[in-house]
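[1] Fold the following and give me the result.
(one chain, ligands or ions: 2)
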Amino acid sequence: MNRDAVGIELTGLKRCLFLSGSQIQTPPVKELQFFKKQPEMQTEEVKIFYPPAQRLFPGCCQSLTSKIMLKEKIRRLAKSFHPSIVAIRRHLHSHPELSFQEVETGKFIATKLREFGIAHEVNRGGHGVVALIQGEKPGKKIIALRADMDALPISEANDVPYKSQNQGVMHACGHDVHTASLLGVARILYSLKDEFEGTVKLIFQPAEEKLPGGASILIEEGVLENPRPAFIFGQHVLPGLEVGKVGFRPGLFMASSDEIYLSVKGKGGHGALPQNSIDPILIAAHILTALQQIVSRHANPLTPSVLTFGKINSAGGATNVIPNEVTLEGTFRTFDEEWREEAQLRMKKMAEGIAESMGGSCQFEIVRGYPFLKNDEALTDRARQFAVEYLGSENVVEPDVRMTSEDFAFYSQKIPACFYRLGTGNPARGITSPVHTNTFDVDEDSLRIGMGLMSWLAMKELENS
Ligand SMILES: [Zn+2]
Ligand SMILES: [Zn+2]
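    Ligands and ions are numbered 1, 2, ... in the order given. Got it, this is the predicted structure:
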């Protein structure tokens, strides 16, 4: 048997296997119903047809083969667009722009969409771009797909032809991959617009890496209205996951994240005469230690919480000088909105109380960051199943909950959302560096998989109305 062919094997009406390459899938029974109309198939014998099956049985296999063919079509389109999408990714990678400064990136995306013939609006949420691809019956169902487009203040250390040309700025979180993939999705879905019903809203979102987050600004501007999507998909690179694999996790996925700024004031003086000073370094040390009790003694042990201080500075000070002031900067992350509020109040009260009891004062400021990200269970379960159909079950994994945060979480608070991970690592080729490092890079085959899978998810969900 030609294993590369798309074939249909029938065993009566009860069992039907589809062979496509090495994949074997059993379709749901409802897909078999139309066979009953075909008298020549009322048989218990096994029949094997080779493609194109619809040529053998015009009409009969059309619906079924079109489902198979759709997947093949998307695969073929993703493969044929791959070189141009790699070129787009490399252009973006070599011209990274920081959050809220993505002027050229926004223009570049708009230029590409114009080339593809896709209607879009520019300067959304700053420098974002929002495009619409309408299929048949555009109002029937609307879904949104999102890619972020900003870079980080990191100097790239990779020696590659597409190395960052903007000194000190680098696409070290894969947002170039997300944007290029979504442009690939745009091309694929636009090519297939006669084959789906509904509308796909493409959101090229700025400023994911910096508070208050481009997502919150876009939502405030109404990106989830006119037309209102029923739900939203987003993907993110994961270098720890090998290229070819993807990760879906229903439910809680990523943490909320708040920035904490403390300013501890005392009274400076000679280090040899502490009795004449109020030592803010000692006060800060007490506060730092005590605040960890918020996590260890007040948080529900079943609710993940993290408190980390990554910066301590003193205004002046030396081995023999007590400074006037010490500042501390940290982050608090968790998965429960009520607890998030309570923890912030407790931290403030504790820090101010300790400072006061030691004769100093403490200014406590919280800058609210992103909420926690919860993937809609039903949507993510369906998407995972669609991913299995597209990539095979061996290539679909369930990633762990992460204490990192994402402004995609803002969408997940408004409409059902599914944020999934795209494997981009390739240890055999030395592509293993984590995101936010100066040696981060991806296996660019992930672009083919990223655009193909997202197109497949969109088409399947539009079908699933
Ligand atoms: Zn990042
Ligand atoms: Zn990112």
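[2] for the record, mean pLDDT for stretch 355-367?
    Stretch 355-367 shows a mean pLDDT of 98.
[3] Equivalent analysis for stretch 334-344, please.
    Stretch 334-344 comes out with an average pLDDT of 96.
[4] Tell me if I'm right that Asp443 and Val243 touch.
    Yes - under the criterion of Cβ atoms under 8 Å, Asp443 makes contact with Val243 at 4.0 Å. All C-beta atoms are positioned from the backbone trio N, CA, C, and that covers glycine.
[5] Please enumerate the shared neighbours of those two.
    424-426, 431 (Cβ atoms under 8 Å, 6 or more residues apart in numbering).
[6] Can you lay out these as a markdown table showing distance to Thr319?
    Shown next, in a markdown table, are those (distance: Cβ to Cβ, whole Å):
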| residue | distance to Thr319 |
| --- | --- |
| Thr424 | 48 |
| Gly425 | 46 |
| Asn426 | 50 |
| Ile431 | 46 |
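[7] Of those, which is the most crowded?
    Neighbour counts for these, by other Cβ atoms under 10 Å, peak at Thr424, which reaches 29 neighbours.
[8] Leu447 versus that one, what's the distance?
    9 Å (Cβ to Cβ, to the nearest Å).
[9] And Gln363, by the same measure?
    In terms of Cβ to Cβ, Gln363 sits 47 Å off from Leu447.
[10] Pick out whichever of the two has more residues nearby.
    Set Gln363 next to Leu447 and count neighbours by other Cβ under 10 Å: Leu447 wins out with 28 against 15.
[11] coming back round to it: between Thr424 and Leu447, which contacts overlap?
    With Cβ under 8 Å, 6+ apart as the test, Thr424 and Leu447 both reach Val177.
[12] and Phe248, how many residues sit next to it?
    23.
[13] Double-check it against Val396; I have them as touching.
    Yes - between Phe248 and Val396 there is a contact under Cβ under 8 Å: 6.5 Å.
[14] Just give me the residues shared between the contact sets of the two.
    Contacts common to Phe248 and Val396, judged by Cβ under 8 Å, 6+ apart, are 384, 387.
[15] what's stretch 241-248 in contact with?
    Residues contacting stretch 241-248 (Cβ under 8 Å, 6+ apart): 235, 238, 375, 380, 383-384, 387, 391, 395-399, 418, 420-427, 431, 442-443, 445-446, 449, 453.
[16] Quick check: which element contains the closest residue to Ile260 other than its chain neighbours?
    Leaving aside its sequence neighbours, Ile260 sits nearest to Gly330 (Cβ to Cβ, 6 or more residues apart in numbering; 4.5 Å). Using DSSP states H and E, Gly330 falls within strand 325-334.
[17] Report the buried residues of that strand.
    325-328, 330-334 (16 or more other Cβ atoms under 10 Å).
[18] ok, then the element right after it?
    helix 337-357.
[19] Partner strands of the helix or strand just after that following helix, with direction?
    Later in the chain than helix 337-357, the nearest helix or strand by DSSP H and E is strand 361-367. Strands that pair with strand 361-367, judged by DSSP bridges, come out as strand 256-265 (antiparallel).
[20] Report the inter-axis angle for the strand it pairs with versus strand 325-334.
    160 degrees (axes from the mean of the first three to the mean of the last three Cα atoms, to 10 degrees).
[21] Now do the buried residues in strand 256-265.
    256-258, 260, 262-265.
[22] can you redo these as JSON lines with distance to Glu463 and pLDDT?
    Shown next, in JSON lines, are those (distance: Cβ to Cβ, whole Å; pLDDT from 0 to 100):
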{"residue": "Ser256", "distance to Glu463": "34", "pLDDT": "97"}
{"residue": "Ser257", "distance to Glu463": "36", "pLDDT": "96"}
{"residue": "Asp258", "distance to Glu463": "40", "pLDDT": "97"}
{"residue": "Ile260", "distance to Glu463": "46", "pLDDT": "97"}
{"residue": "Leu262", "distance to Glu463": "53", "pLDDT": "98"}
{"residue": "Ser263", "distance to Glu463": "56", "pLDDT": "98"}
{"residue": "Val264", "distance to Glu463": "59", "pLDDT": "98"}
{"residue": "Lys265", "distance to Glu463": "62", "pLDDT": "98"}
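[23] Please report the distance of the residue nearest to Ile260 from Ile287.
    11 Å.
[24] Equivalent analysis for Val160, please.
    45 Å.
[25] Same drill for the two, tell me which one is more crowded.
    Ile287 (26 against 11).
[26] Where does pLDDT dip in the stretch 51-200 of the chain?
    51-68 (pLDDT under 70).
[27] that older thread, for ChimeraX, write the selection for the buried entries among the contacts of stretch 241-248.
    A single ChimeraX command suffices to select whichever of the contacts of stretch 241-248 are buried according to 16+ other Cβ under 10 Å:
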select :235,238,375,380,383,384,387,391,395,396,397,399,418,420,421,422,423,424,425,426,431,442,443,446,449,453
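[28] Return the distance of the closest residue to Glu208 other than its chain neighbours relative to Gly214.
    The shortest distance from Glu208 to any non-neighbouring residue, by Cβ to Cβ, 6+ apart, is to Asp148 (3.7 Å). Distance of Asp148 to Gly214, given as Cβ to Cβ: 7 Å.
[29] Pull up the overlap in contacts between the two.
    205-208, 407.
[30] hang on, isn't the residue nearest to Glu208 packed against Val177?
    No - here Asp148 does not reach Val177: they are 10.3 Å apart, not a contact under Cβ under 8 Å.
[31] So which of these two has more stuff around it?
    Asp148 (30 against 26).
[32] now the strands for the stretch 101-250 of the chain?
    Ranges of strands in the stretch 101-250 of the chain, per DSSP state E, counting those that start in this stretch, are 120-124, 128-134, 142-148, 199-205, 231-242, 246-247.
[33] Adding distance to Ser277, write those strands out as JSON lines.
    Formatted as JSON lines, the strands of the stretch 101-250 of the chain follow (distance: least, Cβ to Cβ, whole Å):
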{"stretch": "strand 120-124", "distance to Ser277": "54"}
{"stretch": "strand 128-134", "distance to Ser277": "51"}
{"stretch": "strand 142-148", "distance to Ser277": "48"}
{"stretch": "strand 199-205", "distance to Ser277": "50"}
{"stretch": "strand 231-242", "distance to Ser277": "49"}
{"stretch": "strand 246-247", "distance to Ser277": "54"}
